[in-house]
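# fold the following for me, if possible:
(2 chains)
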Amino acid sequence: GENVEQHPSTLSVQEGDSAVIKCTYSDSASNYFPWYKQELGKRPQLIIDIRSNVGEKKDQRIAVTLNKTAKHFSLHITETQPEDSAVYFCAAASNFNKFYFGSGTKLNVKP
Amino acid sequence: NAGVMQNPRHLVRRRGQEARLRCSPMKGHSHVYWYRQLPEEGLKFMVYLQKENIIDESGMPKERFSAEFPKEGPSILRIQQVVRGDSAAYFCASSPDRGGNTEAFFGQGTRLTVV
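Here you go, the predicted model:
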């Protein structure tokens, strides 16, 4: 089955700096890679996703890159703000809609 | 569309009792997933269901846990004879019945506490 690894487990940045979270996956059949943000005590919410036919996708301050050959994808948050503080999860899924999640990255943006 | 609805939000059970967690997917969604989240940990896949069928239950413990998604009504995750180690947040997600992969929407979760 799929194995998704996520690094780092915790990340602390100064407000305004950039944050990068990286994930690797093992199953070459995976073709959908969503990123979820989970605030304390709340549900995970999708913030951005990318499919395997695209190398990069951007939405305002958030971008995701995908390297299919190396089987890794990354989340980039620029100009971080305190409200970006949360736990971020990457996931990988193949055509059967079964999502495998990484272990999460706790992002702390210091004002 | 009310989103994915889970109930109860909080559930307290004594050791040995049964816990029943309910998930109503978003309207038009026929795929349901259950995940377990231990404190300070990630989301662990448990089971994937489509209406009346279990597609993948590779993440379900072999004993005491079962799941169903009947033709009518919500999906149910049932835990029999609960133990303290079952204490966790249980999240349900749903996705629509379209070809290929689509976004999964999560419910608010049920926080199970076994005392």
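# residue numbers of chain A in contact with chain B?
A:1, A:6, A:31-32, A:34, A:36, A:42-46, A:49, A:51, A:89, A:93-104 (Cβ under 8 Å from any Cβ of the partner chain). No exception for glycine: its C-beta is placed from N, CA and C like everyone else's.
# sitting in helices, which of these do you find?
Of the positions in those, not one sits in helices, assigned by DSSP state H.
# and the residue of chain A found nearest chain B, what are its bridge partners?
Residue nearest to chain B within chain A (Cβ to the nearest Cβ): A:Y32, separated by 3.4 Å. Counting by DSSP bridges, A:Y32 is bridged to A:R51, A:A93.
# how about the residue nearest the centre of chain B, nearest residue that isn't a chain neighbour?
What sits nearest the mean C-alpha location of chain B, by Cα atoms, centre = their mean, is B:W34, with 3.5 Å. Excluding its sequence neighbours, the residue lying closest to B:W34 (Cβ to Cβ, 6 or more residues apart in numbering or on different chains) is B:M46, at 4.4 Å.
# neighbouring strands - and their directions - for the lowest-mean-pLDDT helix or strand in chain A?
Lowest by mean pLDDT, DSSP states H and E among the helices and strands of chain A is strand A:99-101, with a mean of 85. Sheet partners assigned to strand A:99-101 using DSSP bridges are listed as strand A:86-93 (antiparallel).
# okay, buried residues for the partner strand please.
A:A86, A:V87, A:Y88, A:F89, A:C90, A:A91, A:A92, A:A93 (16 or more other Cβ atoms under 10 Å in any protein chain shown).
# output those residues in a markdown table, with pLDDT appended to each entry.
Shown next, in a markdown table, are the buried residues of strand A:86-93 (pLDDT from 0 to 100):
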| residue | pLDDT |
| --- | --- |
| A:A86 | 96 |
| A:V87 | 94 |
| A:Y88 | 96 |
| A:F89 | 95 |
| A:C90 | 95 |
| A:A91 | 92 |
| A:A92 | 91 |
| A:A93 | 87 |
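# nearest to A:A19, of the residues you listed?
Proximity of the buried residues of strand A:86-93 to A:A19 (Cβ to Cβ) peaks at A:Y88, which lies at 8.7 Å.
# hang on, the earlier thing: so how far is A:V54 from the residue of chain A closest to chain B?
To A:V54, A:Y32 is 11 Å away according to Cβ to Cβ, to the nearest Å.
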